[in-house]
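next input, structure requested:
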Amino acid sequence: MNYVSLIIVSYAKADDFQEQRAKGMFYSRSEVMKMSIESLAKNTDYPCEVILIDNGGNPDDSDWLVQKQREGVINTYIRNKNNMHFGWGRMQGIKLATGNYLGICDNDILYKPNWLSKTIEPLLKYPDKKFIASPYMTPEKTKGKNLYEQFGDYRLSSMAGSNCMIMKKEVFYEIGDFTTNHITGSHWHRRMNKYGYLVILPKEDYAEHMAWRHGYNLKRQIEVKEKLLTGEEIDFSFDYSKR
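Model prediction:
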């Protein structure tokens, strides 16, 4: 039976919480990591094993992750004494993977219901195509543009997926290892393109990048504004009862 080995590398310094609060960020790295793992546990609907590499930055995070391993959310847990780097951690997890598919996932992804079955679906449907799958279109890569084309019920892009992607294990070994670089995912992604692979996505996004580096606020209210024929603008996101 097909199943996916999901590899996640986690790292947050113990003082990140205060540092990020001082910068006005709504959540710390640790909080975002926990929300990510909880959403993964709740919304993953396809056979998989979860391999988590803890790069040892925050003992409190490590305690929390060990508990998740005890609960069965994480199948394999490794804690490095020092931060062995993002790309190194990914390679640690890949060498332990037993699934015939690999899932390379960052620890700041919010997973939606049915995300994994919807993401792997086109790979199962088109096994001979040079596809790597992702559950969502990376906003910072597209910069608001629709950099994709329709492919049946799916989207094709050369830009998406560097921080959340699913592929056959043999495809990964064809393209090669992750490097020890802070943008190792982007470097690997460019190599993937040179090998002729494209990213295939569901017709709608099944995950979201919480992007703690930019202080992403999951609870921020979306602005909804409309202009009347009179020229008056009404902000529907404002609570007029509090005026």
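
contacts for stretch 148-156, please.
For stretch 148-156, the external contacting residues (Cβ atoms under 8 Å, 6 or more residues apart in numbering) are 122, 137, 157, 159-160, 198-203. For glycine as for every other residue, the C-beta is placed from the backbone atoms N, C-alpha and C.

and if we set it to 7 Å?
Residues outside stretch 148-156 that contact it (Cβ atoms under 7 Å, 6 or more residues apart in numbering): 122, 137, 157, 198, 200-203.

show the end-to-end separation of that stretch, please.
One end of stretch 148-156 to the other measures 5 Å (Cα to Cα, to the nearest Å).

mind listing which of the contacts of stretch 148-156 are in helices?
P122 (DSSP state H).

just the buried ones from the contacts of stretch 148-156?
For those, a burial check counting by 16 or more other Cβ atoms under 10 Å picks out 122, 137, 157, 198, 200-202.

G152 - how many residues pack around it?
Neighbour count for G152, taken as other Cβ atoms under 10 Å: 11.

oh, I was asking about W88
For W88, the number of neighbouring residues by other Cβ under 10 Å comes to 18.

still on that earlier bit, so can I have TSV of the buried ones among the contacts of stretch 148-156 showing distance to P59 and pLDDT?
Shown next, in TSV, are the buried ones among the contacts of stretch 148-156 (distance: Cβ to Cβ, whole Å; pLDDT from 0 to 100):
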residue	distance to P59	pLDDT
P122	41	98
M137	36	88
S157	39	92
L198	42	95
I200	40	97
L201	37	97
P202	38	96
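
just those: which are in strands?
Within those, residues falling in strands by DSSP state E are 157, 198, 200-202.

most widely separated two among these?
The distance between the two most remote of these (Cβ to Cβ) is 14.6 Å, for L198 and P202.

give the buried residues for stretch 72-84.
Under 16+ other Cβ under 10 Å, the buried positions of stretch 72-84 are 73-74, 76-78, 80, 84.

how close does D108 sit to I175?
Applying Cβ to Cβ, to the nearest Å, the value for D108 to I175 is 23 Å.

which residues does stretch 78-92 contact?
Contact with stretch 78-92 is made by 7, 9, 11, 53-57, 62, 104, 177-182, 184, as judged by Cβ under 7 Å, 6+ apart.

correction: the previous question concerned stretch 114-124.
4, 43-46, 48, 101, 131, 133-135, 154, 166, 200, 202, 206-207.

got the CA positions of it in CSV?
In CSV, the C-alpha atoms belonging to stretch 114-124 read as follows (Å, rounded to 0.1, in the frame of the first residue of the first chain):
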residue,chain,number,x,y,z
ASN,A,114,-8.2,16.2,3.6
TRP,A,115,-4.9,18.0,2.7
LEU,A,116,-2.8,14.9,2.1
SER,A,117,-5.3,12.8,0.1
LYS,A,118,-6.0,15.8,-2.1
THR,A,119,-2.3,16.6,-2.5
ILE,A,120,-1.2,13.0,-3.4
GLU,A,121,-4.2,12.4,-5.7
PRO,A,122,-2.7,13.7,-9.0
LEU,A,123,0.6,11.8,-8.3
LEU,A,124,-1.5,8.6,-8.1
